[in-house]
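Chemist: Quick one, what's the 3D model for this:
(one chain, ligands or ions: 4)
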Amino acid sequence: MYKVNEVFETIQGEGSFTGAASIFIRLQGCPVGCSWCDTKHTWPVSAQMQQPLGDIIIKTAETEHWAAVSAAQLVTLFSQQGYQAKHVVITGGEPCMYDLTPLCELLHSKGYSTQIETSGTYEIKAPEQTWVTVSPKVNMAGGYKVLKSALDRANEIKHPVAMEKHIDELLQLLQQTDCAGKLIYLQPISQQRRATELAIAMCKKYNWRLSVQVHKYLGIS
Ligand SMILES: C[S@@+](CC[C@H](N)C(=O)[O-])C[C@H]1O[C@@H](n2cnc3c(N)ncnc32)[C@H](O)[C@@H]1O
Ligand SMILES: Nc1nc2[nH]cc(C(=O)O)c2c(=O)[nH]1
Ligand code: SF4
Ligand SMILES: [Mg+2]
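Modeler: Numbers count the residues shown, from 1 in each chain. Ligands and ions are numbered 1, 2, ... in the order given. Next up is the predicted model:
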């Protein structure tokens, strides 16, 4: 069973799938502790916050509530909700705290493509066809660190940036892995103007790509 904070259909707003109609599964729980995290309501996993799946699907605000849901129930839910998107993004919280192999395999067998958004601080358990976006975390409050195995597995590396030191961190991380075939993105933290200007300048300097959280500019989830 997966602990699910929310399920919703929207447009992927980040990275190389930006613009793709997508079903998002947001899993509950993350110990990494990024100070600027935009989903802090997914951090705690409290027994008192468990709800039935029916209450999760009608959420109108960000809350710490979660439901225990099987892979099969998720697929059934997609058709009950009338979702048309064929791309499924599994995020969190930190989704790689869970074994995502059974969920992704079931989704692939039903004709969906899958993508994982992860900090890379846990071993990634997912099939080869799953697109893996690693947003590497170093020096965060929880003391976790991106794993080399996660950097190696990444199809894209999407680094949140606000300061020069974040660029230095990324340059160091990229030395640890073979970057051939990987897409490298800078994502300005919280749409700050200075962060965005820095990201644009560094994308030009290093021939990287910019990811601007399009959904936040559009005011959609
Ligand atoms: C909320 S996280 C969940 C998945 C996973 N825990 C991770 O960090 O990749 C999803 C994405 O949002 C990014 N993110 C979180 N807060 C952000 C913020 N304030 N500004 C820009 N990106 C942010 C993360 O770095 C990650 O790429
Ligand atoms: N539209 C939209 N795109 C996203 N891409 C990654 C997201 C995330 O929270 O992981 C996200 C999100 O929350 N909304
Ligand atoms: S790893 Fe992801 S979910 Fe966890 S605190 Fe950092 S940005 Fe938020
Ligand atoms: Mg988000």
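
Chemist: Packing partners of the longest helix belonging to the chain?
Modeler: The longest helix of the chain (DSSP state H) is helix 193-206. In terms of contacts (3 or more Cβ pairs under 8 Å, 6 or more residues apart in numbering; DSSP states H and E), helix 193-206 is packed against strand 156-161, helix 164-174, strand 183-188, strand 209-210. In short, each C-beta sits where N, CA and C put it, glycine included.

Chemist: Redo those as a markdown table? Include distance to ligand 2 and mean pLDDT.
Modeler: Below are the helices and strands packed on helix 193-206 laid out as a markdown table (distance: least, Cβ to the nearest ligand atom, whole Å; pLDDT from 0 to 100):
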| stretch | distance to ligand 2 | mean pLDDT |
| --- | --- | --- |
| strand 156-161 | 9 | 98 |
| helix 164-174 | 18 | 98 |
| strand 183-188 | 9 | 98 |
| strand 209-210 | 15 | 98 |
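
Chemist: Please identify the buried residues of the longest helix of the chain?
Modeler: Within helix 193-206, the residues that qualify as buried by neighbour count (16 or more other Cβ atoms under 10 Å) are Ala195, Thr196, Leu198, Ala199, Met202, Cys203.

Chemist: I'd say the second one and Val212 touch.
Modeler: Yes. Taking contacts as Cβ atoms under 8 Å, Thr196 lies within contact range of Val212: 7.1 Å.

Chemist: Between those two, which contacts overlap?
Modeler: Residues touching both Thr196 and Val212 (Cβ atoms under 8 Å, 6 or more residues apart in numbering): Pro188.

Chemist: Quick one: residues contacting the spatially most central residue of the chain.
Modeler: The structure's the chain has its C-alpha centroid closest to Glu117; by Cα atoms, centre = their mean the separation is 2.4 Å. Residues in contact with Glu117, defined by Cβ under 8 Å, 6+ apart, are Glu14, Val89, Ile90, Thr91, Gly92, Pro95, Thr133, Ser135.

Chemist: Next: Tyr112.
Modeler: For Tyr112, the residues meeting the contact criterion (Cβ under 8 Å, 6+ apart) are Ile23, Lys86, His87, Val88.

Chemist: and what of Ser46?
Modeler: Neighbouring residues of Ser46 by Cβ under 8 Å, 6+ apart: Glu64.

Chemist: So that it lines up with my notes, have the first residue be 37 from now on.
Modeler: Got it, the first residue is 37 from now on, which makes the last one we talked about Ser82.

Chemist: For ligand 2, see how far away it is.
Modeler: When Cβ to the nearest ligand atom, to the nearest Å is applied, the distance between Ser82 and ligand 2 equals 21 Å.
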